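A.B. asks: Dropping a prediction and its sequence here:
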Amino acid sequence: MEPLIVQQIETPLGAFRAATSADAVAAAAFETCDRFDERCQTWRDANPDAPPACPKFARHAAEKLEAYFEGDVNALSGLPIDPVLPQPTLNALRAVQQIPPGETRAYSDIARQLNYGRLGARFVGSANARNPIALFIPCHRVIAKDGTLGGYGGQIHRKAWLLEWERTNANNPNESG
């Protein structure tokens, strides 16, 4: 049986795909990401004995994504994720995961938080580029020190939209979260 269920959710920014296992999100990206299938295969290769994917968890993850795009920008927080990454990259992305919706941090802020040294901001940027679970690990919340958006694998117009969406909805009294 297949260890991942891949779903496609329509969003205001285009189709978004999420791959879920029995109990976690393993990969997620906008449809324009050309590395989504590779990231799913990397997860399968790293988890050869994984149990079959769980349709109930897949539905739960899809509902959380829909809630996020309906204005509950906290909906994705706390959902289990299972990225396959080297530990230093995972450490950087865990720090990114702590950035609340509606806020941003500079690459250099994350690097300083992790004591990554002089070239740490570049490493954080590189870790963000390797993020296999977009939105669930909110790499779009990391910007350049000068306030410009920097890069985004999901395309820069989406990063700008997501940041504005979160700023607008971060204190939404209708959050279910």
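C.D. replies: Sure thing, it's come through.
A.B. asks: Which other helices and strands does the strand or helix carrying Arg39 contact?
C.D. replies: When secondary structure is defined using DSSP states H and E, the element that contains Arg39 is helix 36-46. When contacts are defined as 3 or more CB pairs under 8 Å, 6 or more residues apart in numbering; DSSP states H and E, helix 36-46 sits against strand 14-20, strand 25-30. (Each C-beta comes from the backbone N, C-alpha and C, glycine too.)
A.B. asks: doesn't Ser126 fall inside a helix?
C.D. replies: Yes. The secondary structure assignment for Ser126 places it in a helix, going by DSSP: H, G, I helix; E, B strand; the rest coil.
A.B. asks: which residue packs closest to it, ignoring adjacent ones?
C.D. replies: Ranked by CB to CB, 6 or more residues apart in numbering and with sequence neighbours excluded, the top spatial neighbour of Ser126 is Thr89, at 7.7 Å.
A.B. asks: What strand or helix carries that neighbour?
C.D. replies: Assigned by DSSP H and E, Thr89 belongs to helix 87-97.
A.B. asks: average pLDDT for that helix?
C.D. replies: For helix 87-97, the mean pLDDT works out to 96.
A.B. asks: about what we covered before: just send the helices and strands packed on helix 36-46 back as JSON lines, with mean neighbour count, mean pLDDT and distance to Arg39 too.
C.D. replies: As requested, those are arranged in JSON lines below (neighbours: other CB atoms under 10 Å; pLDDT from 0 to 100; distance: least, CB to CB, whole Å):
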{"stretch": "strand 14-20", "mean neighbour count": "21", "mean pLDDT": "97", "distance to Arg39": "8"}
{"stretch": "strand 25-30", "mean neighbour count": "26", "mean pLDDT": "97", "distance to Arg39": "4"}
